[in-house]
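1. Give me a 3D structure for the following:
(chains A, B, C and D)
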Number of protein chains: 2
Amino acid sequence: MDVVLDNTDLQILERMQANARISNADLARELNMAPSAVLERVKKLEQKKVIQGYTTQINPTTVQQKLLAFIFIRSSEGFTCSSNTAQALAAIPEVQEVHHIAGEDCYLIKVRTADSSSLMNLMRTQLQHIPNIASTKTTIVLETVKEQQQLVIPKI
Amino acid sequence: MDVVLDNTDLQILERMQANARISNADLARELNMAPSAVLERVKKLEQKKVIQGYTTQINPTTVQQKLLAFIFIRSSEGFTCSSNTAQALAAIPEVQEVHHIAGEDCYLIKVRTADSSSLMNLMRTQLQHIPNIASTKTTIVLETVKEQQQLVIPKI
DNA sequence: CAATCTTCAGAATTTTATTCAGAAATACCC
DNA sequence: GGGTATTTCTGAATAAAATTCTGAAGATTG
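-> Numbers count the residues shown, from 1 in each chain, chains lettered A, B, ... in the order given. Model prediction:
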């Protein structure tokens, strides 16, 4: 079940990570391969879930999402951070990330809303109803200098 | 300079955010428009930097990136968190995000590496050489429940 | 109300995606 | 090592899509 990727796969991933809408024809030209061969590899990378999806990066402020916050959430269950709590957090559309973390707190979530009042509103209406939340500690982002999820693709 | 988006633009953004590789023809069919009209809008959204790019989501573990960490960085400059420090942090490929945050710390960064030893190595070789870093506080992610940068697209 | 700008549809053309057959390369197994 | 199976590739054919362009419809402005 483990996935083995050769150099060609990594080249494909690197280029598609930088531009998901690159045409298969261009990709084939860059790799000096036939388009059919490249297409077959991309399909397999999708099947093997190496490629999890293709997304468009939208400037958040243009769609009225000006506030970004990270919230540390302490669970009242001690060690057994239930997956129910995590699932409930993940179900909130404004919550972009839910991480189970090491240390005193249990979860770290990343939230994006229109402004501070809508964050307040979200915490009142959504977080309050989620079980086993003992306390929260919110960090407000003043300015984002870099934000991408580009991975460093290894070279073989 | 402010960007005004109508309902059609938002529909396009919503669909392209969910699948950046949707064909222009399919998009046009879903919106009941001519492909040429849709293409024109997408081009404009790119020009206006509403669309910042198209990226492929790659399963991090398949490319040997098993460790995720958040690091709070305290600056030695007090209030004046220099942009030099931020730029230096942003220049590190393993650093996916650099946020200037409110509160006692100055920056919050998101880092992805192969494992804990390569994180240690990165902190030794990279962070040590960045000026004005007074202290760091690292939070290790044990498990990621949700991770996406999909925005909630407003309805008009 | 006319002039201007924007957005759109539809057709023509170029380019691409997709499929398929068979060749080359690779891995596998006595 | 020799033969077989499997994978991966190329190249050609076809279907589909991207792109460009023209002119019409709609909205905006003075």
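2. right, is the lengthiest strand in chain A up against chain B?
-> Using DSSP state E, we find that the single longest strand of chain A is strand A:133-147. Yes - counting by C-beta under 8 Å from any C-beta of the partner chain, chain B is contacted by strand A:133-147 at A:139-147. All C-beta atoms are positioned from the backbone trio N, CA, C, and that covers glycine.
3. Nearest to residue B:113, out of these: which one, please.
-> residue A:146 (16.2 Å; C-beta to C-beta).
4. beta partners of that closest one?
-> residue B:98 (DSSP bridges).
5. for it, what are its contacts?
-> Residues near residue A:146 by C-beta atoms under 8 Å, 6 or more residues apart in numbering or on different chains: B:89-90, B:95-98.
6. where's residue A:52, which helix or strand?
-> strand A:51-58 (DSSP states H and E).
7. and that strand, what other elements does it pack with?
-> helix B:7-18, strand B:51-58 (3 or more C-beta pairs under 8 Å, 6 or more residues apart in numbering or on different chains; DSSP states H and E).
8. quick one: the strands in chain A?
-> Counting by DSSP E, the strands of chain A are A:51-58, A:67-75, A:95-101, A:107-113, A:133-147.
9. Just tell me which of those strands ends up closest to DNA strand C.
-> Proximity to DNA strand C (C-beta to the nearest atom of the strand) singles out strand A:51-58 among the strands of chain A, at 12.4 Å.
10. May I have that closest one as CSV, with CA atoms only?
-> Taking C-alpha atoms only, strand A:51-58 is exported to CSV below (Å, rounded to 0.1, in the frame of the first residue of the first chain):
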residue,chain,number,x,y,z
ILE,A,51,-2.8,14.1,-5.6
GLN,A,52,-5.7,15.0,-3.3
GLY,A,53,-7.2,17.7,-5.4
TYR,A,54,-6.8,20.9,-7.3
THR,A,55,-7.7,24.2,-5.8
THR,A,56,-7.8,27.9,-6.8
GLN,A,57,-6.2,30.3,-4.4
ILE,A,58,-8.5,33.2,-3.9
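11. Let me know the pLDDT of the closest residue to residue A:111 other than its chain neighbours.
-> Leaving aside its chain neighbours, residue A:111 sits nearest to residue A:69 (5.0 Å; criterion: C-beta to C-beta, 6 or more residues apart in numbering or on different chains). As summarised for this prediction, residue A:69 has a pLDDT of 98.
12. From residue A:138, how far out is residue A:69?
-> 6 Å (C-beta to C-beta, to the nearest Å).
13. okay, and the common contacts of the two?
-> With C-beta under 8 Å, 6+ apart, residue A:69 and residue A:138 have common neighbours residue A:119.
14. re earlier: what's the farthest-apart pair in the contacts of residue A:146?
-> B:89 and B:96 (10.9 Å).
15. If we ignore the residues flanking it in sequence, what's nearest residue A:65?
-> Using C-beta to C-beta, 6+ apart, the nearest residue to residue A:65 is residue A:112, at 4.9 Å.
16. Pop the domain breakdown of chain A in here.
-> Listed domain ranges for chain A are A:7-47, A:60-140 (source: automatic domain parsing).
17. quick one: average pLDDT of the shortest one?
-> Mean pLDDT, computed over domain A:7-47, is 98.
18. ends of it, how far apart?
-> 18 Å (C-alpha to C-alpha, to the nearest Å).
19. which parts of chain A sit against DNA strand C?
-> Chain A comes close to DNA strand C at residues A:23-26, A:35-36, A:39-40, as judged by C-beta under 7 Å from any atom of the strand.
20. For the residue nearest to residue A:148 when sequence neighbours are not counted, grab the count of nearby residues.
-> Leaving aside its chain neighbours, residue A:148 sits nearest to residue B:96 (5.8 Å; criterion: C-beta to C-beta, 6+ apart). Neighbourhood size, residue B:96 [other C-beta atoms under 10 Å in any protein chain shown]: 19.
21. Next up, the contacts around residue B:96.
-> A:146-150, B:110-112.
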